[in-house]
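Enquirer: Provide a 3D model corresponding to the input given below.
(one chain, ligands or ions: 1)
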Amino acid sequence: MSKQSMQMTRPVDESVVAAMFDRISARYDFLNRLLSARQDVRWRNLLISMIPTKKGGRYLDVATGTGDVLLAALKAHPEYSTFIGSDISKGMLGFADKKAVMAGISDRVEWRVMSAESISEKTESVDCASISFGLRNVVNKERALSEFARVLKPGGVFLILEFFTPTTGLMSKAFQFYFHQILPKIGSLFSEKEAYSYLPKSVASFYSPSELRDSLRNKGFVIEKEINFLFGACRLVKSRRT
Ligand SMILES: C[S@@+](CC[C@H](N)C(=O)[O-])C[C@H]1O[C@@H](n2cnc3c(N)ncnc32)[C@H](O)[C@@H]1O
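Expert: Predicted structure coming up:
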């Protein structure tokens, strides 16, 4: 492992981030379920419930990883004509593709090796876009948010699911202890230690909820709904492109 990756407290270079996710891709789904006690499934389902009905629409899931959100979106909204899942990690996309093949829906999805910072979609072409547990890993988050604003149609829906640092209450302290002390240890038992130590560090250097709100508004989004999970440690933000 490179020195840069071992010392990474926040994303500094896309190729380092992609290589890290390539290495953990085989264990990614299993550890997600274990570390969140399957709560991640519930959070993603709530995201799916916020997708608008749009016959012939274009759906884009960025930082799609192993494709859970995109595949669930397709199942819930088969009326969309196009489903694009993008990621910078070929390893993660490989597992996403396997799932689509096993579900018999690979002809309906398109996987792209593509960064959130440079979305190869026409301006105002997408009806609904999502990024779940991905924005925190993007090197230039402001550029990524500008890209989402560019590719979404006016009135298009943008869904963000992400971890944040909870700031108040006893439970937030308990969660912080789990996130910083317990989670990296469990992660290291089944996967790569550095990747699961990086997770809490990347959250610590991410936007606060109000910073994310401000940034979205600056890019031309209106915030329609926010749902807190785990005492604010995880949030779902629904916004709409004006
Ligand atoms: C924690 S995983 C989340 C995967 C999936 N969305 C989920 O909900 O399980 C983060 C993903 O973001 C991807 N990623 C990181 N930086 C990215 C970027 N700049 N553009 C696109 N994907 C990126 C990683 O390769 C990884 O697959």
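
Enquirer: Looking at this protein, which strand is longest?
Expert: Identified as the longest strand of the chain according to DSSP state E is strand 152-163.

Enquirer: who touches it?
Expert: 43-44, 47, 50-52, 124-136, 148, 203, 206, 212, 216, 221, 233-242 (C-beta atoms under 8 Å, 6 or more residues apart in numbering). Heads up, the C-betas are built off the backbone N, CA and C, glycines and all.

Enquirer: Could you list every helix and strand in contact with the very next helix or strand once past that strand?
Expert: Toward the C-terminus, strand 152-163 is succeeded by helix 170-177 as the next helix or strand (DSSP states H and E). The helices and strands touching helix 170-177, judged by 3 or more C-beta pairs under 8 Å, 6 or more residues apart in numbering; DSSP states H and E, number zero.

Enquirer: list the buried ones in helix 170-177?
Expert: 172, 175-176 (16 or more other C-beta atoms under 10 Å).

Enquirer: quick check, nearest of these to V62?
Expert: Closest approach between the buried residues of helix 170-177 and V62, by C-beta to C-beta: F175, at 26.6 Å.

Enquirer: Would you check that that closest one makes contact with A233?
Expert: Yes. Applying C-beta atoms under 8 Å as the test, F175 and A233 come out as touching, 5.0 Å apart.

Enquirer: hey, what's in contact with both of those two?
Expert: Common neighbours of F175 and A233 are listed as P166 (criterion: C-beta under 8 Å, 6+ apart).

Enquirer: mind checking pLDDT for the closest residue to the ligand within the chain?
Expert: Nearest residue of the chain to the ligand, counting by C-beta to the nearest ligand atom: G65, 2.4 Å away. Listed pLDDT for G65 reads 97.

Enquirer: distance of the residue lying closest to it once chain neighbours are set aside from D61?
Expert: Closest residue in space to G65, ignoring its immediate chain neighbours: M92 at 4.7 Å, by C-beta to C-beta, 6 or more residues apart in numbering. In this view, M92 and D61 are 12 Å apart by C-beta to C-beta, to the nearest Å.
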